[in-house]
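J.: I'll drop the sequence and a predicted model, then ask my questions.
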Amino acid sequence: MEYLNENKRPEVEFNSEIAKEFEHFQGTVLRPILKLQNENLLQFMNEYLEKTEKNLSKLNVASQKNCIELAVKTNKKLREKIIKAILLEMNVAERKIYKNSEREFNKRLSYLLIERFTSQLSKIVVK
């Protein structure tokens with residue numbers, strides 16, 4: 001099937017080697033750290049919900065997930081607290097890689113955290 005605007009699309013340069021490096025770091029460093037720190041991360045979220053007096057029990061599952069997603073994406077203090085805990089688990093070489101692409105890794109961390117929290121709603125305190 002041919003698209004009408006196919007010839008008008010700009011060429012987008014994509015460096016697959018860089019993407020592979022990000023994915024490798026995510027798979028070998030970030031995911032294992034998140035798994036290792038799972039209980040602490042859940043505790044951070046529970047503390048945030050208690051402090052902000054968010055009552056998830058009155059919300060349906062979709063709204064609970066949305067509330068958690070918003071917290072991870074918009075609450076700077078929560079995000080910084082979590083990132084600090086993750087950075088403390090990295091060695092010097094891993095922290096250098098992280099710092100060189102901090103923005104990209106923070107985006108990936110946000111996605112991974114949202115995924116982790118929303119898949120474990122039963123472990124998050126619902127008042």
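T.: Done, it's in. Numbers count the residues shown, from 1 in each chain.
J.: From here on, just use CA atoms for contacts and neighbour counts.
T.: OK.
J.: what stretches of this structure score poorly on pLDDT?
T.: The chain contains residues with pLDDT under 70 at 1-16, 18, 125-127.
J.: rerun at 80
T.: By pLDDT under 80, the weakly predicted segments of the chain are 1-19, 125-127.
J.: any chance you could map the helices in this protein?
T.: 16-25, 31-36, 38-51, 61-74, 76-87, 92-100, 102-118 (DSSP state H).
J.: Put together CSV for those, with distance to Ile124 on each row.
T.: Formatted as CSV, the helices of the chain follow (distance: least, Cα to Cα, whole Å):
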stretch, distance to Ile124
helix 16-25, 28
helix 31-36, 16
helix 38-51, 6
helix 61-74, 10
helix 76-87, 15
helix 92-100, 28
helix 102-118, 8
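J.: would JSON lines of those helices with mean neighbour count be doable?
T.: Below are the helices of the chain laid out as JSON lines (neighbours: other Cα atoms under 10 Å):
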{"stretch": "helix 16-25", "mean neighbour count": "12"}
{"stretch": "helix 31-36", "mean neighbour count": "15"}
{"stretch": "helix 38-51", "mean neighbour count": "16"}
{"stretch": "helix 61-74", "mean neighbour count": "16"}
{"stretch": "helix 76-87", "mean neighbour count": "15"}
{"stretch": "helix 92-100", "mean neighbour count": "13"}
{"stretch": "helix 102-118", "mean neighbour count": "16"}
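J.: Just give me the residue right at the centre of this protein.
T.: Ser110 (2.1 Å; Cα atoms, centre = their mean).
J.: Might you report the residue contacts of that one?
T.: By Cα atoms under 8 Å, 6 or more residues apart in numbering, Ser110 lies in contact with 72-73.
J.: I'm done for today, thanks for sticking with me.
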